[in-house]
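> just to be clear, the model below is a prediction. Sequence and coordinates:
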Amino acid sequence: MPAISEDRGAILQQLESSEEAAARLIAGVSRGQMNWQPDQGRSWSIRQCLDHLARTNRIYCQSMLEAIAHPRQKKTGTSAIRPGWFGRWYIAKMEPPVRTRFKTVKKVTPEAEGDGQVALRDFVDSHAAARRVMASWEQMDLNHVRFRNPFVPVLRFSVGTGLLIVNAHDRRHLWQAERVKESAGYRAV
């Protein structure tokens, strides 16, 4: 597993890149196309991918914010995020192209239909919590503050690794949403 090291600027840039990619993704897309599900409805629509990301990011970042509010470690400042081997493996499983599917828990399962602009706004808003986590970069070492994964409670990651997971998860589902546009039947909607 290759080493991963990300500085603050790179993590923030990835959040911005995901927001820009999501905006490009829905530009000029009709409501029907936004809600169309490939594979005869077995796969998520573009809007569902964005809705899932917004829901997941809010819950995931809330767990990180709670850990930051009550850190066990008092080390200050973070130079770069360096996940351990398990964190690197977990991040790699999130990255596109998707090779491993995960079961989605109910609280982050997207609604069947909805407005694409609302989904985009909610996705961008979900990054505000990640940016609040990033605001602690100078006050504590995010490599040493740990949080419980809200979806798999037996897993604990450093807050820094959690930020990398958020970005990888964003890339995963933005990639999935792009594949919707390439699916047979998409243009006819």
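Structure's in. What do you need?

> report the next helix or strand after the worst-scoring helix or strand of the chain on mean pLDDT in sequence order.
Sorting the helices and strands of the chain by mean pLDDT, DSSP states H and E puts helix 38-41 at the bottom, at a mean of 88. Beyond helix 38-41 on the C-terminal side, the first helix or strand identified by DSSP states H and E is helix 46-69.

> please state the offset of that next one from the chain centre?
7 Å (C-alpha atoms, centre = their mean, to the nearest Å).

> list the buried residues of the helix or strand just after that helix.
Remark: after helix 46-69, the chain's next helix or strand is helix 85-94, criterion DSSP H and E. In terms of neighbour count (16 or more other C-beta atoms under 10 Å), helix 85-94 has its buried residues at Gly87, Arg88, Tyr90, Ile91, Met94. Yep, even glycine has a C-beta here, placed from its N, CA and C like the rest.

> any stretches of this structure with poor pLDDT?
1-5, 73-74, 188-189 (pLDDT under 70).

> now do 80
1-5, 72-78, 187-189 (pLDDT under 80).

> with only the CA atoms kept, save the least confident helix or strand of the chain in CSV.
This file holds the C-alpha atoms of helix 38-41, laid out as CSV (Å, rounded to 0.1, in the frame of the first residue of the first chain):
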residue,chain,number,x,y,z
PRO,A,38,-29.5,3.1,-14.9
ASP,A,39,-29.7,-0.7,-14.8
GLN,A,40,-33.5,-0.6,-14.7
GLY,A,41,-33.5,1.4,-11.5
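
> so what does it touch, helix or strand wise?
Of the remaining helices and strands, none touches helix 38-41 by 3 or more C-beta pairs under 8 Å, 6 or more residues apart in numbering; DSSP states H and E.
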